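J.: Using only what follows, build the 3D model:
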Amino acid sequence: MKKQTILLVILLGLSLILAACGAAQPQQAAAPTEAPAEAVTEPQVAEPTEAAAAEEAAAPVTLTYLVDDSEANQATAKALAEAYMALHPNVTINVESRPGGTEGDNIVKTRLATGEMTDIFWYNSGSLLQALNPSDTLVDLSQEPFIANIVESFLPTVSQNGGVFGVPSQTAMGGGVLYNKKIYADLGLSVPTTWAEFEANNEKIKEAGIAPVIATFGDTWTSQLFVLADYYNVEQANPTFAADYTGNKAKYATTPAAMAGFTYLKEGFDEGWWQKDYATTKFEQGLKLLADGEGAHYPMLTFALSTIATNSPDQVNDIGFFAVPGTDPAKNGATIWMPAATYIPKTTSNLEVAKDFLGFIASTDGVDALNAAVAPTGPYVIKGATLPDSVLPAVKDVAAYIDAGKSAPALEFLSPVKGPTLEQLCVAVGTGQMTPEEAAAAYDEDVKKQAQQLGLPGW
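T.: Residues are numbered from 1 along each chain as shown. Model (predicted):
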């Protein structure tokens, strides 16, 4: 399928979900294309069935569920598990934790390779999933009735060789800059639509004695957002970048728009935008700095909003979102991340109950359980699902970009190529240990190894 078709399907799917949110969303300009009449009829949602687990229902069953250790994802997984257990008293779901980032990736790969994976596990969709060789390691769910509940635009992100291997376990997310709206109001600042405006805002914020940008390099994965969330701008400058990148025809080091994210990290270091102790500050500490107004901006995915809602409930409505600014205000837009998913390894000994639990996740009942326990951080990709009226302001900010047709999927959902060392390279640039040019060239070599492992043509 051509890249333009994939993009249209993804954005159409997301816009239809947001259209169902009613009062939860602000009034925005219409999306550039309208769905045909039949696309907006009430979806026929297949409900999960308990019959799949009937044979094991008479005896106690315990499922183990491996989830990364971020507070938001742990809370989401536990909300799903508790709601399912309430409906199935014989089932116990033990949620385990693992680190995020590269360390967590290695744990997942090792446990799959050694046959020691939990009954089910939480992991990225998109390019990182491809590195797990899901056709060989995971249970194919393509023939399960609950797959019909999932918005079609999500399915390619959890598929390989015709198989479908996961169900979405959270909302889609915006990738960009979380910002403190009170700081902006106090200093008379406006949301920037160009990088030059962002630089000017940072100067005023710094003069006020506030850290302009929060860096949490103590959790290395958080260092990547200036690079990854800038993809909308990369695509505006180079519309065929995803296809060319996948085919080894485009490189970060030789594409100025793609190089920009690395230069932003260098600028942050050179200009003193980071807060003190930026090299050791952790993710949740960074969110607290943002909520407390000790830092003005935090490059991040909007899934982090649920952590702010939990840890700083009185400040969460002070947090807004804007896209990473580019060079042209007329082309300003946001990069969108598809949800992480829950998967079943082939080694599980509780397959039928595991599948039934995934069916619950991929249902409106599962969404209702999440809405009751966790603040949504973006649109759902489950048919018939809606966001509550109490949706957070920053989520409305993300919705505004999508409603206006000014959004694009992150590169990892358009290309299977993503190297594992990007976070370390971003930390090196953001701490002044490596130049943007060196990091981009090193990343090009990193992705070459992965593309060859995946057997992609042209590498």
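J.: number of nearby residues for residue 272?
T.: Under the neighbour criterion other Cβ atoms under 10 Å, residue 272 is assigned a count of 12. No exception for glycine: its C-beta is placed from N, CA and C like everyone else's.
J.: Can you tell me the SS state at residue 248?
T.: Here residue 248 takes the coil state, with states given by DSSP: H, G, I helix; E, B strand; the rest coil.
J.: pretty sure it is touching residue 454, no?
T.: No: counting by Cβ atoms under 8 Å, residue 248 stays clear of residue 454, with 11.9 Å between them.
J.: burial count for residue 346?
T.: When neighbours are counted by other Cβ under 10 Å, residue 346 comes out with 14.
J.: Quick check on it: phi, psi?
T.: Torsion angles at residue 346 (phi, psi; degrees, to the nearest 10) stand at phi -70, psi -10.
J.: need the contact list for it.
T.: Counting by Cβ atoms under 8 Å, 6 or more residues apart in numbering, residue 346 touches 137, 138, 139.
J.: for the residue nearest to the first one when sequence neighbours are not counted, helix, strand, or coil?
T.: Pointing back at residue 137 there. Using Cβ to Cβ, 6 or more residues apart in numbering and skipping the chain neighbours, the partner closest in space to residue 137 is residue 112 (4.8 Å). Assigned by three-state DSSP, the conformation of residue 112 is helix.
J.: residues touching residue 112, list them.
T.: Counted by Cβ under 8 Å, 6+ apart, residue 112 has contacts 132, 137, 345.
J.: For these, which entry has the maximal number of neighbours?
T.: Taking other Cβ under 10 Å as the neighbour criterion, residue 345 ranks highest of the contacts of residue 112 with 24 neighbours.
J.: about what we covered before: closest to residue 409 among the contacts of residue 346?
T.: Taking Cβ to Cβ as the measure, residue 409 sits nearest to residue 138 out of the contacts of residue 346, at 22.3 Å.
J.: Give me the phi and psi for that closest one.
T.: Dihedral angles for residue 138 - degrees, to the nearest 10 - are phi -120, psi 160.
J.: quick one: it from residue 396, how far?
T.: Look at residue 138 and residue 396: by Cβ to Cβ, to the nearest Å, they are 35 Å apart.
J.: And residue 372, by the same measure?
T.: Here the criterion is Cβ to Cβ. By it, residue 372 lies 20 Å from residue 396.
J.: partners of the helix or strand that contains residue 67 in the sheet?
T.: Using DSSP states H and E, residue 67 sits within strand 61-68. Using DSSP bridges, strand 61-68 pairs in its sheet with strand 91-98 (parallel), strand 120-123 (parallel).
J.: Any regions of the stretch 1-150 of the chain where pLDDT drops low?
T.: Where the stretch 1-150 of the chain drops to pLDDT under 70, the residues are 1-58.
J.: any chance you could map the strands in this protein?
T.: 61-68, 91-98, 120-123, 159-160, 163-164, 166-168, 173-180, 211-213, 295-301, 319-322, 334-337, 341-343, 407-409 (DSSP state E).
J.: tell me the most buried of these?
T.: The highest mean neighbour count among these, using mean count of other Cβ atoms under 10 Å, belongs to strand 166-168: a mean of 30.
J.: now that one, how far from the centre of its chain.
T.: Strand 166-168 sits 13 Å away from the centroid of its parent chain (Cα atoms, centre = their mean, to the nearest Å).
J.: Check which helices and strands it is in contact with.
T.: Contacts defined by 3 or more Cβ pairs under 8 Å, 6 or more residues apart in numbering; DSSP states H and E place strand 166-168 against strand 341-343, helix 351-361.
J.: got JSON lines for the ones you listed, with mean pLDDT too?
T.: Shown next, in JSON lines, are the helices and strands packed on strand 166-168 (pLDDT from 0 to 100):
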{"stretch": "strand 341-343", "mean pLDDT": "99"}
{"stretch": "helix 351-361", "mean pLDDT": "99"}
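J.: For residue 422, find the nearest of the ones you listed.
T.: If you check each of those against residue 422 by Cβ to Cβ, strand 341-343 wins as the nearest, at 20.9 Å.
J.: List the contacts of that closest one.
T.: 65, 120-125, 129, 134, 138-139, 157-158, 165-169, 358, 361.
J.: Double-check residue 69 against residue 100; I have them as touching.
T.: Yes: at 6.4 Å, residue 69 counts as touching residue 100 under the criterion of Cβ under 8 Å.
J.: out of the two, which sits in the more crowded spot?
T.: residue 100 (18 against 13).
J.: residues in contact with the residue lying closest to the more buried one once chain neighbours are set aside?
T.: Nearest residue to residue 100, sequence neighbours excluded (Cβ to Cβ, 6+ apart): residue 68, at 4.5 Å. By Cβ under 8 Å, 6+ apart, residue 68 lies in contact with 74, 97, 98, 99, 100, 104, 122.
J.: Tell me the one among those residues nearest to residue 310.
T.: residue 74 (10.3 Å).
J.: which residues touch the closest residue to that closest one other than its chain neighbours?
T.: Take residue 74 and drop its neighbours on the chain: the residue closest to it by Cβ to Cβ, 6+ apart is residue 67, 5.9 Å away. By Cβ under 8 Å, 6+ apart, residue 67 lies in contact with 73, 74, 77, 95, 96, 97, 98, 121, 122.
J.: Could you rerun that using 10 Å?
T.: Residues in contact with residue 67, defined by Cβ atoms under 10 Å, 6 or more residues apart in numbering, are 73-78, 80-81, 95-98, 104, 118, 120-123, 169, 340, 342.
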